[in-house]
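1. any chance you can model this:
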Amino acid sequence: MTNPVPELEPPDQRGAVEELAHDPASRKQFLKMVGGSGAVAAFGTFLAACGDDGNGDERGSTLTQTTTQAPPAKPGADLDIVNYALLLEYVEADFYKKVIASGLFKGKQLDLLKAIGDHEQQHVAALTATVGQLGGVPVTKPQTRFPLTSATSVANLAATVENLGAAAYLGQAANIKDKAVLSAALAIHTVEGRHAAALNQLTNQPVTPEGAFAKPASMAQVLPKVKPFIVS
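-> Here you go, the predicted model:
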């Protein structure tokens, strides 16, 4: 890298991704949390992918881009993001619970949906614990409603839900300040992406609809798509 890394804001004024991009010591510690050297090759690609939240903010798209113009993160931002993720996981977990109970699926398809539903329940538990560790109160679990009319339509909806969930996590990655929270979010994002790939294949869609690089989605893009499934 020929260009020097520009002067940055203090660490408490930038997201964890931005800090990791410019601080080798922080990056080394973070890579241990997410699985060691196996994550190194994908790290630069991840930074580029999550730099745009779909709302015009392209901070973090290169390792050398200055961040001095970035607005400071508001207090409690990580807590807000974790509760946002928890809301999405509540919806996903409830979706699979109702799909499994519907009797629309059998055999290997049912086994797949049960496995995914169990993962979503574990995500709920992990995120609820994280909210507590951040000193917050978990968002209220909503009542949900889903159109469970046929196996085909439900499988397509499951694929849509998982692709949206993966995009939602990626869309918040650059906004997270705490590296431990970022590590947890990436661990869930990876699984959501694998769920999406399996369901895409089940529904005869491309395994990676957006090609080699996933596209992030902002809260403003995700929440309106989730709202129709929330009763109260």
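
2. so residue 217 is in contact with residue 165, correct?
-> No: applying C-beta atoms under 8 Å, one finds residue 217 not in contact with residue 165, separated by 9.5 Å. Where you see a C-beta, it was placed from the backbone N, CA and C, and this is true even at glycine.

3. was I right to think residue 146 contacts residue 157?
-> Yes: using C-beta under 8 Å, residue 146 is in contact with residue 157, at 7.0 Å.

4. identify each buried residue in stretch 186-205, please.
-> 186, 188-189, 191-193, 195-200, 202, 205 (16 or more other C-beta atoms under 10 Å).

5. hey, C-alpha coordinates of it in PDB?
-> Coordinates of each C-alpha in stretch 186-205 appear next as PDB, following Å, rounded to 0.1, in the frame of the first residue of the first chain:
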ATOM      1  CA  LEU A 186     -20.900 -11.400  11.500                       C
ATOM      2  CA  ALA A 187     -21.300 -14.900  13.000                       C
ATOM      3  CA  ILE A 188     -25.100 -14.600  12.600                       C
ATOM      4  CA  HIS A 189     -24.800 -12.900   9.200                       C
ATOM      5  CA  THR A 190     -22.800 -15.800   7.900                       C
ATOM      6  CA  VAL A 191     -25.400 -18.300   9.000                       C
ATOM      7  CA  GLU A 192     -28.200 -16.200   7.600                       C
ATOM      8  CA  GLY A 193     -26.400 -16.200   4.200                       C
ATOM      9  CA  ARG A 194     -26.100 -20.000   4.300                       C
ATOM     10  CA  HIS A 195     -29.800 -20.300   5.100                       C
ATOM     11  CA  ALA A 196     -30.500 -18.100   2.200                       C
ATOM     12  CA  ALA A 197     -28.300 -20.100  -0.200                       C
ATOM     13  CA  ALA A 198     -30.000 -23.400   0.800                       C
ATOM     14  CA  LEU A 199     -33.500 -21.900   0.400                       C
ATOM     15  CA  ASN A 200     -32.500 -20.300  -2.900                       C
ATOM     16  CA  GLN A 201     -31.500 -23.700  -4.200                       C
ATOM     17  CA  LEU A 202     -34.700 -25.300  -2.900                       C
ATOM     18  CA  THR A 203     -36.800 -22.700  -4.800                       C
ATOM     19  CA  ASN A 204     -34.700 -23.000  -8.000                       C
ATOM     20  CA  GLN A 205     -33.200 -19.500  -7.600                       C
END
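
6. contact partners of that stretch?
-> Outside stretch 186-205, the residues that touch it by C-beta atoms under 8 Å, 6 or more residues apart in numbering are 34, 46, 85, 89, 109, 112, 116, 119, 123, 126-127, 152, 155-156, 158-159, 162-163, 165-166, 169-170, 173, 206-209, 214.

7. and the gap between residue 184 and residue 154?
-> Distance from residue 184 to residue 154, counting by C-beta to C-beta, to the nearest Å: 29 Å.
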